[in-house]
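1. Here you go, sequence then predicted model.
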Amino acid sequence: MSQGIMHYNRGQRCLVRLIVCIQSLRKHYKGNITLVQDGEHDTDLIKDLQKTFGIDVMYNMNPESCTMVRRIEICYKTSYDKTILLDTDTLVVGKVDEIFEGVSGYDFTLAHFAGWKSNGGTIRKRILRYKDAYPQYMDAAIAYGPAINCGMIAFPKNSIFLKEWHEVSKVGEKMHMFIPDEVACQILIPRYKVNILPLKFNVSVRHDPNTQDKRIIHLHGKKHVTPDSLCQLWIDAFQQACEENVCNIRKFADPKYGDKRLRKFLAGRYGRRDQATKIKSIIQQDVPKIVSENVVTSISKKDSKDYKLKENIQDVTIVTACDPKYIGHLQVTYPNWVKYKKIDQFPMIVYINGFKDGAKSKDLDFLKNNKNIKIIEWDFPPAQSQRERMLSCFVYGTARDVTTKYWIKVDADAFCTNYNDLLNEEMKDYDIYGHKWGYTKPGRWISELDVWANKIPVFNGTKPIFDPKNLNGNRYSHNRIASYIQFHKTEFVKKAAEIAGKRWPVPSHDTYLWYVAERLGRKWKRHNFKRYTGFSNSSRIEKLKRVMANVDEENKNHKV
């Protein structure tokens with residue numbers, strides 16, 4: 001009978017923790033290990049992990065589910081008869097093989113967490129979030145006894161527990177619930193044959209009641225470098241890995257990979273300053289080497305399509321807009337765009353409204369040195385608010401003024417956090433390609449969109465999108481996009497503007513374009529621009545200035 005341990009990774013922020021976790025696991029476990037890797041990844045790291053630790057790797061590209069629910073989905077993919085799924089924010093400090101013994105005869109296995117109870121204040125509140133969807137499960141879940149945590153789970157192949165766990169977790173995801181998988185697990189375990197192991201197999205870094213014979217430390221909630229006493233074990237393991245440069249871990253300790261807690265620790269924010277300084281000096285030994293390798297890797301791994309997109313940069317127009325309320329934001333963010341994404345190399349349109357001297361306003365002088373920028377005065381007489389007036393330029397204005405095949409909307413309050421490429425070749429395959437979002441305001445936006453579309457001939461034969469069952473308070477939960485940064489095919493936006501007529505049905509650029517694309521069956525995609533592209537946003541100008549100063553500090557040693 002085969003058995004093995006699975007890890008799951010998505011994105012870059014946990015790469016250091018992944019390396020430390022697997023290295024600690026290999027000190028106490030010689031069996032099978034499989035890494036399930038989602039989405040974009042560093043191929044050199046994968047090769048190093050395979051060579052150093054003898055692991056297997058499975059790939060699952062571009063998942064739609066949130067990370068918590070995705071963890072359940074990969075359980076179906078196990079090739080082992082008995083599987084342990086272990087979070088990468090854990091540190092193995094003792095033997096774990098006996099967990100496999102606890103799988104036999106059970107539908108599901110996991111550990112009691114921190115001595116907590118299911119009827120305690122925190123866990124009871126979490127359980128009751130599912131009350132409207134699963135009222136029949138509440139009493140048994142609250143009375144069950146042990147509280148659990150899913151940082152370590154184990155199960156037999158084809159476990160009957162997984163199907164309902166996945167279904168309930170998806171409901172929690174739609175409700176934007178905190179840790180929907182874990183809460184779903186808590187309410188379901190009374191219904192199945194579940195083995196609750198001792199605390200030692202999932203020791204809370206912060207809430208542990210002094211468990212003896214610890215086997216797995218769980219640094220949940222990004223607590224790997226916080227002042228909690230058990231963090232010292234992880235920090236020592238991290239230092240050792242850096243000294244040996246295991247799987248090139250020094251490279252992934254760089255702030256650009258997004259581990260904010262680690263960056264703050266190395267800056268001395270969480271105490272242990274002497275050790276942090278020592279580790280930082282070890283990491284910085286490789287700074288010149290890392291810069292060089294990154295440059296070579298970024299060139300060697302780009303295929304011909306990527307080069308073509310870069311060389312054919314004139315095919316994409318950057319579009320933004322501002323009025324006197326947001327000109328201060330743009331004055332702050334525009335230099336940031338130029339520095340990190342080379343925005344000044346693209347054709348660019350800036351729509352303006354409300355300036356006394358129009359395009360001649362001195363407030364806009366900071367833009368006028370860029371010959372690629374066209375400043376266009378914008379108005380939209382049917383608008384019933386300044387918000388609608390400004391957002392309408394991203395449908396009606398771009399349909400009229402953009403001459404390139406593609407264009408990217410960038411809000412005036414959006415900012416860059418790294419030097420990652422702004423564009424990827426995949427974008428060109430979609431009519432709209434925007435930042436992932438999870439809800440729409442119910443009110444008139446939802447009711448009016450379907451009513452409006454049902455009267456427009458182009459939508460004949462298509463079905464309404466919105467289902468009243470997904471209404472949750474002031475949100476309609478569903479997968480869609482948000483457009484503080486968004487890629488568009490110009491042809492599609494022209495079509496959408498034509499469908500809208502003289503005035504669009506809702507005063508929202510991203511809601512309207514998403515609705516048209518979804519109802520007409522056009523291609524659109526959600527993308528995590530924060531994580532993979534390095535774009536975020538903030539409407540508060542003081543926060544913008546503060547955050548971007550931190551970004552510059554984090555990236556000061558990088559060259560492009």
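-> Sure thing, it's come through. Residues are numbered from 1 along each chain as shown.
2. Name the SS class of the nearest residue to residue 341 once chain neighbours are set aside, please.
-> Of all residues not flanking residue 341 in the chain, residue 422 sits nearest, at 4.4 Å (CB to CB, 6 or more residues apart in numbering). For the C-beta atoms, the positions are set from N, CA and C on the backbone; glycine is no exception. At residue 422 the chain is in coil, as set by DSSP: H, G, I helix; E, B strand; the rest coil.
3. buried residues in stretch 177-192?
-> Under the neighbour-count criterion of 16 or more other CB atoms under 10 Å, stretch 177-192 has 177, 179-190 buried.
4. tell me the phi and psi of residue 79?
-> When read as degrees, to the nearest 10, the backbone of residue 79 gives phi -100, psi 0.
5. residues touching it, list them.
-> 2, 4, 34 (CB atoms under 8 Å, 6 or more residues apart in numbering).
6. The residues you listed in strands, which ones?
-> 4, 34 (DSSP state E).
7. on that earlier part again, now go through the buried residues of stretch 177-192 and say which are in helices.
-> The helices, defined by DSSP state H, take in 180, 181, 182, 183, 184, 185, 186, 187, 188 from these.
8. who touches the third one in this structure?
-> For residue 182, the contacting residues are 68, 126, 148, 149, 150, taking CB under 8 Å, 6+ apart as the criterion.
9. The second one contacts residue 180, correct?
-> To tie it back to what came earlier, the one meant is residue 126. No - Residue 126 is beyond contact range of residue 180, at 9.8 Å (criterion: CB atoms under 8 Å).
10. Just put the buried residues of stretch 177-192 in TSV and tack on pLDDT.
-> Listed next are the buried residues of stretch 177-192 as TSV, based on pLDDT from 0 to 100:
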residue	pLDDT
177	83
179	89
180	90
181	93
182	95
183	96
184	96
185	97
186	97
187	97
188	97
189	97
190	97
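11. and of these, the nearest to residue 446?
-> For the buried residues of stretch 177-192, the minimum distance to residue 446 (CB to CB) is 20.9 Å, reached by residue 177.
12. Leaving out the residues flanking it, which one is nearest to residue 453?
-> Excluding the flanking residues, the one nearest residue 453 by CB to CB, 6+ apart is residue 459, at 4.5 Å.
13. now residue 148, what's its secondary structure?
-> strand.
14. Just give me the neighbour total for it.
-> Neighbourhood size, residue 148 [other CB atoms under 10 Å]: 24.
15. OK, contacts around it?
-> Contacts for residue 148 were tallied using CB under 8 Å, 6+ apart; they are 110, 111, 112, 113, 182, 185, 186, 189, 196.
16. ok, now which ones touch the fourth one?
-> The one in question is residue 113. Contacts of residue 113 were listed using CB under 8 Å, 6+ apart, and they are 146, 147, 148, 149, 199, 202, 204, 207.
17. wait, which of those residues is closest to residue 504?
-> Nearest to residue 504 among the contacts of residue 113 is residue 149, at 46.7 Å by CB to CB.
18. contacting residues for the closest one?
-> Residue 149 sits next to 110, 111, 113, 114, 182, 202, 204, 218, 220 when contact means CB under 8 Å, 6+ apart.
19. And for residue 377?
-> By CB under 8 Å, 6+ apart, the contact set of residue 377 is 351, 352, 353, 358, 359.
20. Quickly name whichever of those is closest to residue 96.
-> residue 351 (58.7 Å).
21. which secondary structure element contains that closest one?
-> Assigned by DSSP states H and E, residue 351 belongs to strand 348-352.
22. Domain ranges for this structure, per the record?
-> With automatic domain parsing as the criterion, the domains of the chain are listed as 3-218, 304-434+483-502+524-546.
23. Mind checking the ones you listed for the one nearest to residue 242?
-> Nearest to residue 242 among the domains of the chain is domain 3-218 (9.2 Å), distances taken as CB to CB.
24. How far off centre is that closest one?
-> 19 Å (CA atoms, centre = their mean, to the nearest Å).
25. quick revisit: export the buried residues of stretch 177-192 as CSV, with columns for distance to residue 163.
-> Shown next, in CSV, are these (distance: CB to CB, whole Å):
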residue, distance to residue 163
177, 19
179, 20
180, 16
181, 14
182, 17
183, 17
184, 12
185, 13
186, 17
187, 15
188, 11
189, 15
190, 17
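26. and the two most separated of the contacts of residue 377?
-> Of all pairs in those, the most separated under CB to CB is 351 and 358 at 11.8 Å.
27. neighbour count winner among those two?
-> A count of neighbours by other CB under 10 Å puts residue 351 above the other of residue 351 and residue 358, at 23 against 12.
28. Might you report the residue contacts of the more buried one?
-> Residues in contact with residue 351 (CB under 8 Å, 6+ apart) are 319, 320, 321, 322, 376, 377, 378, 390, 393, 397.
29. Quick check: neighbours of the longest strand along the chain in the sheet, parallel or antiparallel?
-> The longest strand of the chain (DSSP E) is strand 475-489. Using DSSP bridges, the strands paired with strand 475-489 in its sheet are strand 406-410 (antiparallel), strand 432-440 (antiparallel), strand 471-472 (antiparallel).
30. and residue 455, which of these is closest to it?
-> Nearest to residue 455, of the strands paired with strand 475-489 and by CB to CB, is strand 432-440 at 20.0 Å.
31. Need the contact partners of the helix or strand just after the closest one.
-> Reading on from strand 432-440 to the C-terminus, the next helix or strand found by DSSP H and E is helix 443-453. If you take CB under 8 Å, 6+ apart as the criterion, helix 443-453 is touched by 440, 459, 462, 464-466, 476, 505-506, 508, 511, 515, 519.
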